[in-house]
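1. curious how this folds, go ahead:
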Amino acid sequence: MATAPLQETSNMSTPILQIQNLNSGYGQLQVLRDISFDVTPGEILAVIGANGAGKSTLFRTISGLIVPMSGNIWFDGINITGYDSARIVSRGLSHAPEGRRVFNGMTVEENLKIGAFRRADKSRASISAGLEQAYTYLPKLRDRRNQLAGTLSGGEQQMCAIGRALMADPRVLVIDELSLGLAPIIVEELLYTLENIQEGGCTIILVEQDISIALSFSDRAVVLQSGQVVMTAPSPELLSNPEIIKFYLGG
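-> Reported below is the predicted structural model:
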């Protein structure tokens, strides 16, 4: 039987996302084992760990791309365990996947409009407002709006992937491997954009292999190792403790 989500207390906001004893993987291969953590509304949470720790599997499961073996996923007080990805996006959780995965033969604006497919309000006015918001957060996309996405630089493709995820009007935005293959100056620009998105009221989960980026940018971090949560702590605490970093992350 599913466990009810935590209730609000005097020193803790009701979590917008709760993962409870989640087990998941691919066929008979179990990758995640008894994963549990909460996400507080408005925070930036980093999920970190070495390559192969289970980060992408975790968020493919949360996003409905993988059916969990067991456990529960609560989003905004609703048990969404077993929901398909379209239904999860409609509820307000959007995922910019690892590797960007833009549609190369379509323009930037066409890519963005695809992200509005599960938007609650699909009126022309709502989609136009969503595009304007995406272009405000990511002004380079406005300049490239009629350019084929496949001709963009790696950083611009990442912007396009984030903008597409924003078009669903999410309350929680998951960014999987933001910095992968990008120059540091581009990563800084993207982090600045994510800060603005957070200030606009969106909770952000950053799934990131680069430890220094993840811990410097986030409020709190969940550390994965071999498919299990080995620590959850404020990011400054992890960032300032080299022994913890070395032991858990091999840095």
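
2. going forward, measure contacts between C-alpha atoms and count neighbours the same way
-> Will do.

3. helix or strand: which one has Ile175?
-> Following DSSP states H and E, the helix or strand that holds Ile175 is strand 172-176.

4. quick one: pLDDT of Gly163?
-> Looking at Gly163, its pLDDT reads 94.

5. beta partners of the residue most central in space within the chain?
-> With distances taken as C-alpha atoms, centre = their mean, Val174 lies nearest the centre of the chain, 1.0 Å away. Beta-bridge partners for Val174, by DSSP bridges, are His95, Ile205.

6. and the strands in the chain?
-> 17-26, 29-39, 44-48, 70-75, 78-79, 93-96, 172-176, 203-208, 220-225, 228-234 (DSSP state E).

7. any idea which of the ones you listed gets closest to Ser123?
-> strand 93-96 (19.4 Å; C-alpha to C-alpha).

8. pLDDT below threshold where in the stretch 1-150 of the chain?
-> The stretch 1-150 of the chain contains residues with pLDDT under 70 at 1-12, 99-100.

9. tabulate the strands of the chain (a markdown table), appending distance to Asp121.
-> Output for the strands of the chain, formatted as a markdown table (distance: least, C-alpha to C-alpha, whole Å):
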| stretch | distance to Asp121 |
| --- | --- |
| strand 17-26 | 23 |
| strand 29-39 | 26 |
| strand 44-48 | 26 |
| strand 70-75 | 20 |
| strand 78-79 | 21 |
| strand 93-96 | 15 |
| strand 172-176 | 17 |
| strand 203-208 | 20 |
| strand 220-225 | 32 |
| strand 228-234 | 36 |
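
10. count of residues packed around the nearest residue to Ser226 once chain neighbours are set aside?
-> Leaving out its chain neighbours, the residue that sits closest to Ser226 by C-alpha to C-alpha, 6 or more residues apart in numbering is Ala53, at 4.7 Å. Ala53 is flanked by 21 other residues according to other C-alpha atoms under 10 Å.
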